[in-house]
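>>> what's the 3D shape of this:
(chains A and B)
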Number of protein chains: 2
Amino acid sequence: MQKLKDKILKEGKVLPDSVVKVDSFLNHQIDVKFLEEIGKEFYDRYVGEDITKVITIEASGIPIAVEVARCFGCKVVFAKKGKTKNLSDAFYETEVMSYTHGTKYNVCLAKEFLGKDDTVLIIDDFLARGEALKGLIDIVNKSQAKLVGCGIVVEKGFQPGGKELREKGIKIESLAIIDNIDEANQKITFRGE
Amino acid sequence: MQKLKDKILKEGKVLPDSVVKVDSFLNHQIDVKFLEEIGKEFYDRYVGEDITKVITIEASGIPIAVEVARCFGCKVVFAKKGKTKNLSDAFYETEVMSYTHGTKYNVCLAKEFLGKDDTVLIIDDFLARGEALKGLIDIVNKSQAKLVGCGIVVEKGFQPGGKELREKGIKIESLAIIDNIDEANQKITFRGE
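Presented below is the predicted three-dimensional model:
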């Protein structure tokens, strides 16, 4: 998505450890008009699929998922982070490794909102090592819903998550794939450039 | 907002300690079409105000704030929870007491996204003791932006937050105010009924 790449180059900030911040339009401030365009782009990439639920994880994934769900005319369910293990059997649960924080956290989603009759599109803002995405896929698998694919706004192509998941047969549509970050010169190179 | 009250009565769940769960359409699963109606209702209540930023706090407030911002044609900024104190002066910060978890957490918002030229509407899903809302108001005051008012989806009128803030002159528009919860009979009574 060229407009996204332009926006990342113009407004994104490169921080140490190959962190790219897009706080001006996606992760802290939200540019609502641009968010609509992102939602429509994901819709175009999955149009024709009979999506019944868009699944994401709190917090930054939520507004993106809502825009996509609006296009498909379905509901969003966002998985919740950091809850202690639920003793009830009312939740699908999985554990996710956070390399950023060096810890593991629990992710849960209520069984009443996802089941075998659902056809799912997973949406998230970033894909790097893919830990959060693997957690969401695990939850969808546990629910026996049909996973159509994933939609990612920014993929870090130099980290292994996207490659690993595609090799497993998971469809992933990323609107911008960053293949290199030159921290010293604050230069971002996208795949195919 | 009658449709919201009907939905709370139909789909809401009363849990111990006067907790009302609206996970089926607002806090876990999101009913996107209904969310649009909520956004329009807040717009109607603040129409004519020249809102430049809608401010909320992660996570459940975000999709509501996006719907409101769409109506006003402005951007959202969501405050971030639970970060350790920022040593930089790039953030407005405040501390919020969580009675639910018995702890305090830090809330921050980057200064670059809110300033004295902004006219702000604060949006959140719930108002009970008002701690999160007071934190957001504190941040808006620190930014020297003009606060027009607050929009709350569900206010617990039997808890003191709304009353305290209105007495301080803060305008609060709540779409449903719950005045009593009868836990034993799972009965919710709204203000004015």
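>>> doesn't residue B:75 make contact with residue A:32?
Yes - the pair formed by residue A:32 and residue B:75 meets the contact definition of CB atoms under 8 Å, at 6.3 Å. To be clear about C-beta, it is placed using only N, CA and C from the backbone, and glycine gets the same treatment.
>>> now the common contact residues for the two.
Listed as contacting both residue A:32 and residue B:75 by CB atoms under 8 Å, 6 or more residues apart in numbering or on different chains are residue B:69.
>>> out of everything not next to it in sequence, what's closest to residue A:129?
residue A:161 (4.8 Å; CB to CB, 6 or more residues apart in numbering or on different chains).
>>> can you count the residues close to that neighbour?
For residue A:161, the neighbour count with other CB atoms under 10 Å in any protein chain shown is 21.
>>> report the contact partners of it.
Here residue A:161 is in contact with A:127, A:128, A:129, A:130, A:131, A:133, A:134, A:155 (CB under 8 Å, 6+ apart).
>>> tell me which of those fall in strands.
When the contacts of residue A:161 are checked against strands (DSSP state E), the matches are A:127, A:155.
>>> with pLDDT as extra columns, can I get the contacts of residue A:161 in a markdown table?
Below are these laid out as a markdown table (pLDDT from 0 to 100):
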| residue | pLDDT |
| --- | --- |
| A:127 | 97 |
| A:128 | 96 |
| A:129 | 95 |
| A:130 | 96 |
| A:131 | 95 |
| A:133 | 97 |
| A:134 | 97 |
| A:155 | 98 |
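>>> please identify which helix or strand holds the residue most central in space within chain A.
For chain A, the residue nearest the mean C-alpha position is residue A:124 (1.5 Å; CA atoms, centre = their mean). Using DSSP states H and E, residue A:124 sits within strand A:119-127.
>>> ok, residue A:31 - contacts?
Taking CB under 8 Å, 6+ apart, we find residue A:31 in contact with A:24, A:25, B:75.
>>> run the last query once more with 10 Å
A:7, A:11, A:22, A:24, A:25, A:37, A:38, B:69, B:74, B:75, B:76 (CB atoms under 10 Å, 6 or more residues apart in numbering or on different chains).
>>> what values do phi and psi take at it?
With angles defined as degrees, to the nearest 10, residue A:31 sits at phi -90, psi 100.
>>> any idea how far residue A:64 is from it?
Counting by CB to CB, to the nearest Å, the separation of residue A:31 from residue A:64 is 12 Å.
>>> okay, and the common contacts of those two?
Listed as contacting both residue A:31 and residue A:64 by CB under 10 Å, 6+ apart are residue A:38.
>>> neighbours around the nearest residue to residue A:149 once chain neighbours are set aside, how many?
Distances taken as CB to CB, 6+ apart place residue A:171 nearest to residue A:149, at 3.3 Å, with adjacent residues excluded. Residues near residue A:171, counting by other CB under 10 Å, number 15.
>>> orientation of the longest helix anywhere in chain A relative to strand A:119-127 in degrees?
In terms of residue count, the longest helix belonging to chain A (DSSP state H) is helix A:32-46. Relative orientation of helix A:32-46 versus strand A:119-127 (axes from the mean of the first three to the mean of the last three CA atoms, to 10 degrees): 130 degrees.
>>> next secondary structure after helix A:32-46?
According to DSSP H and E, the helix or strand after helix A:32-46 is strand A:53-57.
>>> and that next one with chain B, contact?
Yes - interface with chain B: strand A:53-57 contributes A:53, A:54, A:56, A:57 (CB under 10 Å from any CB of the partner chain).
>>> residues touching the last one, list them.
When you say that, I think you mean residue A:57. Residues in contact with residue A:57 (CB under 10 Å, 6+ apart) are A:65, A:78-81, A:96, A:107, A:109, A:122-125, A:132-133, A:135-136, A:139, B:59.
>>> which of these are buried, as a ChimeraX select command?
Selection of buried members from these for ChimeraX, criterion 16 or more other CB atoms under 10 Å in any protein chain shown:
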select /A:65,78,79,80,81,96,107,109,122,123,124,125,132,133,135,136,139 /B:59
